[in-house]
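K.L.:
Here's a sequence, model it:
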Amino acid sequence: MINVLYIGNALSKEDKTQTTIEILGAKLKEICEVKIASNKSNKVLRFCDMMWMVFKWRKSTDYVLIDTYSTLNFYYAVVVGFLCRVYKIKYIPILHGGNLEYRLKNNRTLSKSFFGNAHKLIAPSKFLYDIFKNNKFKNLEYIPNFIEIDKYDFNQREMDRIQLLWVRSFSSIYNPKLAVDVLEDLSNFDTNASLTMVGPDVDGSLNSVRQYAKGKNLNIEFTGKLSKEEWIALSKSHNIFLNTTNIDNTPVSVIEAMALGIPVVSTNVGGMPYLIENKEEGLLVDPNNREAITRAILVLKENSELLLKITQNAREKVELFDWDVVKSKWQVILQ
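P.N.:
Residues are numbered from 1 along each chain as shown. All right, here's what the predicted structure looks like:
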């Protein structure tokens, strides 16, 4: 049996959203032995735990998977990669975050050393695959984020009134205030329009958005963090999935919305045009443009043929992201 050490932030018990390390890590146990680091809430202790786990299991580990982001977490990935090279362990960065291109441009030496010496680079989106390919990296593989498609019942949505659903961690890069602006504009056309915002706070944005919405007399519900099962159940009473982000890769929440039959209206940033072709599997608009998003939502409300087309096309596309399909790709990598 192949032994894998998976390095990343496993912090869902700390009221954070489940990340790839927890979701993918659990499924990889079907094909290999998996150890995970780290679930320590303190950043310094978490970093030390990651280093310790690499050292502790250096002789029995076949591969180290490393969740790699464009934020400060980029540096823990670089250090883990360095340790793996010292101990001659094959390591595989899994590329996340819509702004990794920034690291390639502004941390050229570290990027060349870390990514260039990896056994493989796994791009969960064709967006990041193309970025790294254009930067002359050869050890690339595309393995998309996965869902278990049989857990997502596809239902066509009625558009009698607009019921927006926003599912994301509250962080400034995801521009949650824009969702409030859009609802405010929509209320001029549909006085019963509503918005539900699901997700935990990351940087104080949740309280900021609450204060921003206060006094606007809008129909908004903030649920905080919900489990996947809870928000999927909640989604049955909503008919537009709103993605307002300024920076993005290929968010699983959007893939899930596509599987459920909720039409997606998203900003056209990062990996979104790789996931959604405009007017084919969803509607894409310029970032931070409340008027354009409002118009797109009203188009879906009035155009039942377009609504039917994009939701059916979206479901067909994300069926290719089912775990049974994706698992075989990981089996090839972790031979």
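
K.L.:
Tell me where this structure has helices.
P.N.:
Per DSSP state H, the chain carries helices over the ranges 20-28, 43-56, 73-86, 100-106, 108-116, 126-134, 177-186, 205-213, 228-235, 252-260, 272-275, 290-302, 304-318, 323-333.

K.L.:
Of these, flag the one that's most buried.
P.N.:
Of all the helices of the chain, helix 252-260 carries the top mean neighbour count, a mean of 24, counting by mean count of other CB atoms under 10 Å. C-betas here are computed from N, CA, C, even on glycine.

K.L.:
Could you give the separation of that one from the chain centroid?
P.N.:
10 Å (CA atoms, centre = their mean, to the nearest Å).

K.L.:
Other residues contacting it?
P.N.:
Contacting residues not belonging to helix 252-260 are listed as 23, 145, 147, 149, 152-155, 165, 167-168, 228, 232, 235, 241, 243, 264, 266, 272, 275-276, 281-282, 311, 314-315, 317-319, 321 [CB atoms under 8 Å, 6 or more residues apart in numbering].

K.L.:
one step back: can I get the helices of the chain in JSON lines including distance to residue 92 and mean pLDDT?
P.N.:
Converted to JSON lines, the helices of the chain look like this (distance: least, CB to CB, whole Å; pLDDT from 0 to 100):
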{"stretch": "helix 20-28", "distance to residue 92": "12", "mean pLDDT": "93"}
{"stretch": "helix 43-56", "distance to residue 92": "13", "mean pLDDT": "96"}
{"stretch": "helix 73-86", "distance to residue 92": "10", "mean pLDDT": "96"}
{"stretch": "helix 100-106", "distance to residue 92": "15", "mean pLDDT": "91"}
{"stretch": "helix 108-116", "distance to residue 92": "11", "mean pLDDT": "95"}
{"stretch": "helix 126-134", "distance to residue 92": "13", "mean pLDDT": "94"}
{"stretch": "helix 177-186", "distance to residue 92": "35", "mean pLDDT": "98"}
{"stretch": "helix 205-213", "distance to residue 92": "32", "mean pLDDT": "96"}
{"stretch": "helix 228-235", "distance to residue 92": "25", "mean pLDDT": "94"}
{"stretch": "helix 252-260", "distance to residue 92": "20", "mean pLDDT": "96"}
{"stretch": "helix 272-275", "distance to residue 92": "21", "mean pLDDT": "94"}
{"stretch": "helix 290-302", "distance to residue 92": "37", "mean pLDDT": "97"}
{"stretch": "helix 304-318", "distance to residue 92": "24", "mean pLDDT": "97"}
{"stretch": "helix 323-333", "distance to residue 92": "7", "mean pLDDT": "95"}
